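*Asks:* Here is the input, now give the coordinates:
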Amino acid sequence: MNENKIKPHQWVYIIETNLNRLKVGVASNPAERISTLERIGGFQVTRQKLIGPFQNGYQVEAEIHKRFNAQRIIGEWFSVSFEDGVQLATSVAKEIGDSRIVNCNNTGDCQEILDAMCPDHQIISDFLEAIYNVNIKITQDEDETIWLESEEYGLFKPDFLQAFMKLEKIGDAAL
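*Replies:* Numbers count the residues shown, from 1 in each chain. Prediction:
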């Protein structure tokens, strides 16, 4: 059995800019990320704090964002003092941050993970295979709306297929 250890690698960073704005983000390489932000953002970082590393850095970041929502300027930018940002981030990190090294057993069998993540995965796989077998194409338009296309019915939305399937079940029950 091959065991690997996954070390935490997600750092939560808090930066203050010369424009008196605070950004809270996550990066595996925070020095590179902060340098990139300065270069493309046209600002200078005046202070920074790294917290971590974590296995669940994105979860920690999301909770910090949630708690600062009322002070949000846009996206990950907040109108909060550096000190308050660091204090809250440190508190959240202590509450929910996971810095454990995780042991992973690489057996190559993902069935247990798949079963846990999506109990109905076999039904979904069977459905997608059936769609493929009857030559229905699945596509998405520029508005991200999903469309199905068949030679017999042309272009239609999935709700049409659902309605059609319900009619088929009613017809089968009447027999």
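*Asks:* And the residue most central in space within the chain, how far from residue 11?
*Replies:* For the chain, the residue nearest the mean C-alpha position is residue 58 (8.5 Å; C-alpha atoms, centre = their mean). Noted for residue 58: a distance of 11 Å to residue 11, by C-beta to C-beta, to the nearest Å. (C-beta placed from N, C-alpha, C; glycine too.)
*Asks:* Quickly list what's touching both of these two.
*Replies:* Residues touching both residue 58 and residue 11 (C-beta atoms under 8 Å, 6 or more residues apart in numbering) are residue 26.
*Asks:* Contact partners for residue 10?
*Replies:* 26, 27, 28, 52, 53, 54, 55, 56, 57, 58.
*Asks:* quick one, domains of the chain?
*Replies:* 3-103, 117-174 (automatic domain parsing).
*Asks:* and among those, the most buried is which?
*Replies:* Stretch with highest mean neighbour count among the domains of the chain: domain 3-103 (a mean of 16; mean count of other C-beta atoms under 10 Å).
*Asks:* average pLDDT across it?
*Replies:* What domain 3-103 shows for mean pLDDT is 93.
*Asks:* C-terminal to the top strand by length along the chain, what's the next element?
*Replies:* If you go by DSSP state E, the chain has its longest strand at strand 45-54. Scanning forward in sequence from strand 45-54 by DSSP states H and E, the next helix or strand is helix 57-67.
*Asks:* List the contacts of the very next helix or strand once past that following helix.
*Replies:* Using DSSP H and E, the helix or strand that directly follows helix 57-67 along the chain is strand 72-74. When contacts are defined by C-beta under 8 Å, 6+ apart, strand 72-74 is touched by residues 21, 65, 78, 79.
*Asks:* Which members of those residues are positioned in strands?
*Replies:* Judged by DSSP E, these include residue 78 as members of strands.
*Asks:* from the contacts of strand 72-74, which is closest to residue 145?
*Replies:* Relative to residue 145, the closest of the contacts of strand 72-74 is residue 65; by C-beta to C-beta it sits at 29.0 Å.
*Asks:* wouldn't the closest one be in contact with residue 24 here?
*Replies:* Yes: here residue 65 reaches residue 24: they are 6.4 Å apart, a contact under C-beta atoms under 8 Å.
*Asks:* Quick check: neighbours shared by those two?
*Replies:* The contact sets of residue 65 and residue 24 overlap at residue 76 (C-beta under 8 Å, 6+ apart).
*Asks:* quick one: which two of the contacts of strand 72-74 are the most distant?
*Replies:* 21 and 65 (14.2 Å).
*Asks:* Now residue 146. Nearest residue, chain neighbours left out?
*Replies:* Using C-beta to C-beta, 6 or more residues apart in numbering and skipping the chain neighbours, the partner closest in space to residue 146 is residue 140 (5.5 Å).
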